[in-house]
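> With the input below, show me the fold.
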Amino acid sequence: MMRTLVNLNPTREFRAMDEIFEQLFGSSTPAPSNNWLPIDISEFENSLNVRAAVPGVNPEDLEVVVDKGVLTIKGETRSQDVRENEKVYRREITTGSFTRSIRLPDNVDADRITADFNNGIVSIAIPRQAEIKPQPIRISVANTANSNASLQEPEKTNDTTA
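Below is the predicted model of the structure:
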């Protein structure tokens with residue numbers, strides 16, 4: 001008896017099903033949340049760098065705030081109006097307000113944070129404060145062996161006025 005091996009690729013089968021559902025009912029993949037803001041965080045030369053993709057947002061519509069050690073980026077994208085007699089087949093560009101907050105390390109210099117906007121990317125440079133290294137403090141030890149004055153008990157008073 002001869003057996004035939006069949007090479008099954010479940011990924012290809014699922015993609016084919018996904019295409020059928022998309023043709024019948026529209027996109028089966030949910031659009032990303034309006035509240036999501038993709039960011040990159042890196043460090044270079046003692047400065048944290050945060051880059052956020054904000055396509056379609058004007059720099060004056062962005063709000064970048066640091067409060068109590070938390071960096072918050074807020075903004076809003078607006079939808080383009082549909083013209084009369086225009087048929088929309090797919091709408092994947094998300095619109096609406098967004099916000100993203102990031103807790104910053106304790107050693108950042110919040111007074112020197114800067115933000116730049118270029119080609120839909122806001123870049124925020126967050127300098128770190130120079131690390132304060134503890135300095136040893138030498139305390140002189142006095143020789144009190146010859147003098148008992150520093151070891152005497154304080155005098156007791158017999159004050160009964162109350």
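> Report how many residues lie close to Gly75.
Residues near Gly75, counting by other C-beta atoms under 10 Å, number 20. Where C-beta positions appear, they are placed from N, C-alpha and C, glycine not excepted.
> Tell me the pLDDT of it.
Each residue has a pLDDT score; the one for Gly75 is 91.
> Assumed it was part of a helix.
No: counting by DSSP: H, G, I helix; E, B strand; the rest coil, one finds Gly75 to be strand, located in no helix.
> That one and Val57 touch, don't they?
Yes: counting by C-beta atoms under 8 Å, Val57 is a contact partner of Gly75 at 4.8 Å.
> Not counting residues beside it along the chain, what's closest to the most centrally placed residue in the chain?
When the chain is reduced to its mean C-alpha position, the closest residue under C-alpha atoms, centre = their mean turns out to be Ile102, at 2.6 Å. In this structure, Ile102 finds its nearest non-sequential neighbour in Leu71, 4.8 Å apart by C-beta to C-beta, 6 or more residues apart in numbering.
> Where does pLDDT dip in the chain?
Across the chain, the ranges flagged by pLDDT under 70 are 1-10, 21-35, 146-162.
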